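Chemist: Need coordinates for the below:
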Amino acid sequence: LCAKDGGGLFLVVYLVLVLTFGFVLLTTDVAIGRRTKLNALNAYAALGEKWRFLGFLTFLVPALIMTYYSVIGGWILKYLTAYLTTDGSAPAQDGYFTGFITAPVAPIVFTLVFLAFTAFVVYCGVEKGIERYSRILMPGLLLLIVGIAIFSLTLSYQGEDGITRTGLHGLGVYLLPNLEGLTVQRFLQVLLDAMSQLFFSLSVSMGIMITYGSYVKNDIDLNKATNQIEIFDTGVAILAGMMIIPAVFVFLGNDGMASGPSLIFISLPKVFDAMGVFGRPVAIAFFLMMGFAALTSCVSVMETLVANGMELYHKPRKKMCGVVGIYSFITAVLICLGYNKLYFELKLPNGSVGQLLDVMDYISNSFLMPFISLLTSILIGWVIGPDWIIGEVERNGEKFKRAGMYRFMIRYVVPVVMLVLFLVSTGFADLIA
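Modeler: Reported below is the predicted structural model:
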């Protein structure tokens, strides 16, 4: 997203959103979870029976995300396998990615393997599964990101036009805002893209942080904990961009700055191929890191579904893990078939054209998340009152230094901005204009 949205412009917008909206939405979700000690389905009902429907909406988001997240994890696993078992030249060839995702069997096999890893971690539970593996995976992920980011800045390549591009030049593309051709509509799209990234990165407005918040002990400093999440998550996100964008710019220039799957699965393999002897080791490290990141994210999504199912149906973790696993596999197979047997193209309300995976992503990311954030801000800002959240943050006598900012944001700023983003993402803004 940063590559296509004006480089530093997207970065500045994203940082501002993290410090404002990210702080408010994250604090709200975690505080609701810890105070109610319930998952999203029942937590909103505890705030008011009329708001129970909001719990079901938040449950719907991870249910939709789970349909395609393991599919993308399978793509990453495929590329990691390709670089581990071959010389790495094949992934850089034109048509490799398209040939893989349109194949009838291979994508399903790799998705199943990735889904099995995810289900195993969730099956083991919070402490034995999620916390245990996160302690191993997250430090390794951070080291890989830092190492590849530093390596990307040392790269240099002379193109066919005779111009030498360096990693530092690419860093400039990443950090310096590009305002060329910027319009109000374009800025709103950048804002929507940045907010969508924030939703996913901080896992807000989808029930995940409410679920994890319900696991937080009462003696934990909630303000300090949420600050740490903000800082760590944003720092890793910035390093990830520093790792990818300079490398792509060095070998492919501005033409390689695509977004989404095109950047990861088409542009980057060409970059690795152009690195010569260093390409394959760097590619292995990169897709290993991507695999770690995808696994931890997919675990969070599945854990939310399992935990909510356990409360809703009063079933043990093992049984719910099996039910969610079967649901995830069936829906993932459908998503895989969306690139061959079930292929179609649908124009979405935001103006883009998508396949089955894109439709699921649009509904969860561009439609439901802003809508949930809008309703949550109304519930907390005007029905329950901001002091309900602030009181939970200050439960043990801690000082909530940004309490004034929280009150103002949750009551006046978040509802208005989320309404605008919802209108833009659904296409209603164009109708009104």
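Chemist: what sits against A43?
Modeler: The contact partners of A43, taken as CB atoms under 8 Å, 6 or more residues apart in numbering, are 32-33, 36, 55, 210, 214. The way it works is simple: take the backbone N, C-alpha and C, and place the C-beta from them, glycine included.
Chemist: Which residue is the nearest non-sequential neighbour of it?
Modeler: Nearest non-adjacent residue to A43, counting by CB to CB, 6 or more residues apart in numbering: T36, 4.4 Å away.
Chemist: Would you confirm that the one you found contacts N42?
Modeler: Yes. Using CB atoms under 8 Å, T36 is in contact with N42, at 7.4 Å.
Chemist: Pull up the overlap in contacts between the two.
Modeler: Shared contacts of T36 and N42 (CB under 8 Å, 6+ apart): none.
Chemist: Check which helix or strand G99 maps to.
Modeler: Here G99 sits within helix 96-101, counting by DSSP states H and E.
Chemist: same check, this time on R165
Modeler: R165 is located in strand 164-166, with elements delineated by DSSP H and E.
Chemist: Check which helices and strands that strand is in contact with.
Modeler: For strand 164-166, the packing partners by 3 or more CB pairs under 8 Å, 6 or more residues apart in numbering; DSSP states H and E come out as strand 156-158, helix 222-252.
Chemist: Just the buried positions in the helix or strand following that strand, please.
Modeler: Next helix or strand after strand 164-166 toward the C-terminus (DSSP H and E): helix 167-175. By 16 or more other CB atoms under 10 Å, the buried positions in helix 167-175 come out as 167, 169-171, 173-175.
Chemist: what's near enough to touch V417?
Modeler: Contacts of V417 (CB under 8 Å, 6+ apart): F21.
Chemist: For it, give its distance to P370.
Modeler: The gap separating V417 from P370 is 9 Å, by CB to CB, to the nearest Å.
Chemist: In TSV: the contacts of A43, plus secondary structure.
Modeler: As requested, those are arranged in TSV below (DSSP: H, G, I helix; E, B strand; the rest coil):
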residue	secondary structure
I32	helix
G33	helix
T36	helix
G55	helix
I210	helix
S214	helix
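Chemist: Which of those residues sits closest to V413?
Modeler: Proximity of the contacts of A43 to V413 (CB to CB) peaks at I32, which lies at 19.1 Å.
Chemist: how near is that closest one to T211?
Modeler: As defined by CB to CB, I32 lies at a distance of 10 Å from T211.
Chemist: quick one, strands of the chain?
Modeler: Using DSSP state E, the strands of the chain run over residues 156-158, 164-166, 346-347, 353-354.
Chemist: circling back: who touches the strand holding R165?
Modeler: Outside strand 164-166, the residues within contact range by CB under 8 Å, 6+ apart are 155-159, 249-251, 253.
Chemist: Could you check how far the residue of the chain most remote from its centre is from L252?
Modeler: Ranked by distance from the centre of the chain (CA atoms, centre = their mean), the top residue is G162, with 38.2 Å. Look at G162 and L252: by CB to CB, they are 16 Å apart.
Chemist: just for the protein, where's the confidence low?
Modeler: The model of the chain has pLDDT under 70 over residues 1-6, 126-134, 136-137, 256-260, 429-433.
Chemist: what's the neighbour count on Y412?
Modeler: Neighbours of Y412 under the rule other CB atoms under 10 Å: 12.
Chemist: do the same with A82
Modeler: A82 has 20 neighbouring residues, counting by other CB under 10 Å.
Chemist: quick one: it and A90, what's the gap?
Modeler: To A90, A82 is 6 Å away according to CB to CB.
Chemist: before we move on, what about L112?
Modeler: L112 sits 22 Å away from A90, going by CB to CB.
Chemist: Check F53 too.
Modeler: As for F53, its distance to A90 is 49 Å (criterion: CB to CB).
Chemist: now L41
Modeler: L41 sits at a distance of 45 Å from A90 (criterion: CB to CB).
Chemist: swap in D255?
Modeler: For D255 relative to A90 (CB to CB), the value is 22 Å.
Chemist: The residue lying closest to A294 once chain neighbours are set aside: neighbour count?
Modeler: Leaving out its chain neighbours, the residue that sits closest to A294 by CB to CB, 6+ apart is G73, at 4.3 Å. Residues contacting G73 under the criterion other CB under 10 Å number 25.
Chemist: go on, F23?
Modeler: Residues lying near F23 (other CB under 10 Å) number 20.
Chemist: ok now do the nearest residue to it once chain neighbours are set aside, which residues does it touch?
Modeler: Closest residue in space to F23, ignoring its immediate chain neighbours: E230 at 6.3 Å, by CB to CB, 6+ apart. Counting by CB under 8 Å, 6+ apart, E230 makes contact with 18-19, 22-23, 26, 202.
Chemist: How about I363?
Modeler: Residues in contact with I363, defined by CB under 8 Å, 6+ apart, are L64.
Chemist: Also L11?
Modeler: Neighbouring residues of L11 by CB under 8 Å, 6+ apart: 2, 174-175, 177, 238, 241.
Chemist: Distance to T296 for those - can I get that in CSV?
Modeler: Shown next, in CSV, are the contacts of L11 (distance: CB to CB, whole Å):
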residue, distance to T296
C2, 21
Y174, 24
L175, 27
P177, 31
I238, 18
G241, 18
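Chemist: Determine which two of the residues you listed are furthest apart.
Modeler: P177 and I238 (14.7 Å).
Chemist: The two: which has the busier surroundings?
Modeler: The neighbour comparison of P177 against I238 (other CB under 10 Å) goes to I238, with 18 against 14.
Chemist: For L202, see how far away the more buried one is.
Modeler: Applying CB to CB, the value for I238 to L202 is 14 Å.
Chemist: one step back: tabulate the helices and strands packed on strand 164-166 (CSV), appending distance to T183.
Modeler: Below are those laid out as CSV (distance: least, CB to CB, whole Å):
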stretch, distance to T183
strand 156-158, 33
helix 222-252, 23
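Chemist: Flag every buried residue along stretch 377-394.
Modeler: Within stretch 377-394, the residues that qualify as buried are 377-381, 386, 388-390, 392-394, counting by 16+ other CB under 10 Å.
Chemist: what's the span of it from first residue to last?
Modeler: 20 Å (CA to CA, to the nearest Å).
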